[in-house]
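> Predicted model, plus sequence, below.
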Amino acid sequence: MTTPIVRAEAVTKRFGGLTALDGVTFELRRGGIYGLLGRNGAGKTTLMQVLTGQQLPSAGRVEVFGGDPFENERVLGQVAFIKESQRYPDAFRVRDALTAGRMLFPHWDEAFARALVHDFDLPAKRQIKKLSRGMLSALGVVLGLASRAPLTFFDEPYLGLDAVARQLFYDRLLADYAEFPRTVVLSTHLIDEVSDLIEHVLLIERGRLVLDESADALRGQVVTLTGPAGAVDALAVNADELHRERLGGLTRATVRGRVEPGQARAAGVELQPVSLQQLVVRITTADTKEHAA
Ligand SMILES: Nc1ncnc2c1ncn2[C@@H]1O[C@H](COP(=O)(O)OP(=O)(O)OP(=O)(O)O)[C@@H](O)[C@H]1O
């Protein structure tokens, strides 16, 4: 068993009458790339803020590296939180941000930072306020990767990055993670792009954690069945139905649960795996319908 480095117990965060996090309980273990997924406003940023001591929970408990992260230098020295809206001092140049990274992060790797600045084609002497949006995102990515923080949060780090730069980020993250294992939490809407990268999925819906599963386990769990309605129903009897539609005379159902491929073949039902992206869409829309009902 790997040791958990984060424990969140029944964490609730309210902003006035709005409940942004609602009784969220989970653990993050040492070493792993987590995908923090969920629709707009689901509570992802709030959760990362609570875990990094930038917001206090309204109820519940958070423990990071064995302590409360709030104003805790020992804990926060091991944590990097890279967010799109990061503000820098007005006169800061790219190279000043690297100097700050060197001072802030005990595990900082200067050579790696310089290599990344080169890879992302960042102008070291340019003022940060004069960077393009994509360059600003790239700077966040450089700081987050070179920090080598044992717990690194990337909150939608790709905004403004083009496809080539995003791929560079994924490649560098994966290669560096293999050499220096740590815990990385990546909040993203680009699920298909990161589905090969993430090892564990945390899915938040309206402030509640609705999925906390290894990506491998999930891949085998959800399938689409297409065939005559009666045969589909019989095969899916013990599975959890997430979605159903009719295609001419056929029924297509997306279900979570075990379906035997041999039985499906014999019943004339086509079985197809479901991508992580489709799975998230199905789970979150099923939840929305339930909520509206
Ligand atoms: N400081 C705040 N004051 C009031 N409401 C807030 C505050 N921060 C977040 N919220 C609200 O809490 C909810 C969750 O927001 P959060 O930013 O955590 O969502 P998110 O999952 O990160 O969304 P997105 O994917 O759009 O970035 C939203 O309804 C948001 O409006």
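All right, it came through fine.
> For the residue lying closest to residue 79 once chain neighbours are set aside, name its beta-bridge partners.
Among residues not flanking residue 79 along the chain, residue 151 sits closest, at 4.8 Å (Cβ to Cβ, 6 or more residues apart in numbering). Heads up, the C-betas are built off the backbone N, CA and C, glycines and all. Taking DSSP bridges, one obtains residue 79, residue 183 as the residues bridged to residue 151.
> ok, residue 151 to the ligand distance?
Separation of residue 151 from the ligand (Cβ to the nearest ligand atom, to the nearest Å): 18 Å.
> That residue and residue 222: what is the separation?
Distance, residue 151 to residue 222, using Cβ to Cβ, to the nearest Å: 29 Å.
> Residue 143 now?
36 Å.
> Then residue 212?
Noted for residue 212: a distance of 15 Å to residue 222, by Cβ to Cβ.
> Neighbour count: these two, which is higher?
residue 222 (22 against 15; other Cβ atoms under 10 Å).
> anything in stretch 17-34 near the ligand?
Yes - residues of stretch 17-34 contacting the ligand under Cβ under 6 Å from any ligand atom: 18, 20.
> So which residues of the stretch 1-150 of the chain form helices?
Per DSSP state H, counting those that start in this stretch, the stretch 1-150 of the chain carries helices over the ranges 44-51, 73-76, 94-104, 110-119, 133-147.
> Enumerate the residues of this structure near the ligand.
Within the chain, the positions near the ligand by Cβ under 6 Å from any ligand atom are 15, 18, 20, 38, 40, 41, 42, 43, 44, 45, 46.
> rerun that using 8 Å as the cut-off
13, 15-16, 18, 20-21, 38-49, 55, 155-156, 187, 189, 204, 207 (Cβ under 8 Å from any ligand atom).
> secondary structure element for residue 212?
Counting by DSSP states H and E, the secondary-structure element that holds residue 212 is strand 208-214.
> Parallel or antiparallel, list what pairs with that strand.
Strand 208-214 has these strand partners (DSSP bridges): strand 200-205 (antiparallel).
> In stretch 17-30, which residues are buried?
Buried residues in stretch 17-30, counting neighbours by 16 or more other Cβ atoms under 10 Å, are found at 19, 20, 21, 22, 24, 26, 28.
> Check stretch 99-117 too.
Here stretch 99-117 shows 101, 105, 108, 109, 112, 113, 116, 117 as buried, counting by 16+ other Cβ under 10 Å.
> avg pLDDT for it?
Averaging pLDDT along stretch 99-117 yields 96.
> hmm, back to that, I'd like the helices of the stretch 1-150 of the chain as a markdown table, with distance to residue 86 appended.
Output for these, formatted as a markdown table (distance: least, Cβ to Cβ, whole Å):
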| stretch | distance to residue 86 |
| --- | --- |
| helix 44-51 | 12 |
| helix 73-76 | 16 |
| helix 94-104 | 9 |
| helix 110-119 | 16 |
| helix 133-147 | 6 |
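> For residue 273, which of these is the nearest?
Nearest to residue 273 among those is helix 44-51; the distance by Cβ to Cβ comes to 25.9 Å.
> Show the end-to-end separation of stretch 265-278, please.
23 Å (Cα to Cα, to the nearest Å).
> distance of the nearest residue to residue 148 once chain neighbours are set aside from residue 168?
Spatial nearest neighbour of residue 148, excluding adjacent residues (Cβ to Cβ, 6+ apart): residue 107 at 3.8 Å. Remark: distance between residue 107 and residue 168 (Cβ to Cβ) = 21 Å.
> got it, and residue 23?
Taken as Cβ to Cβ, the span from residue 23 to residue 168 is 38 Å.
> go on, residue 154?
Distance from residue 154 to residue 168, by Cβ to Cβ: 14 Å.
> Neighbour count: these two, which is higher?
Neighbour totals were compared for residue 154 and residue 168, and residue 154 leads with 24 against 18 (other Cβ under 10 Å).
> show me the contacts for that one.
82, 140, 141, 144, 184, 185, 186, 187 (Cβ atoms under 8 Å, 6 or more residues apart in numbering).
> now it: how far from the ligand?
12 Å.
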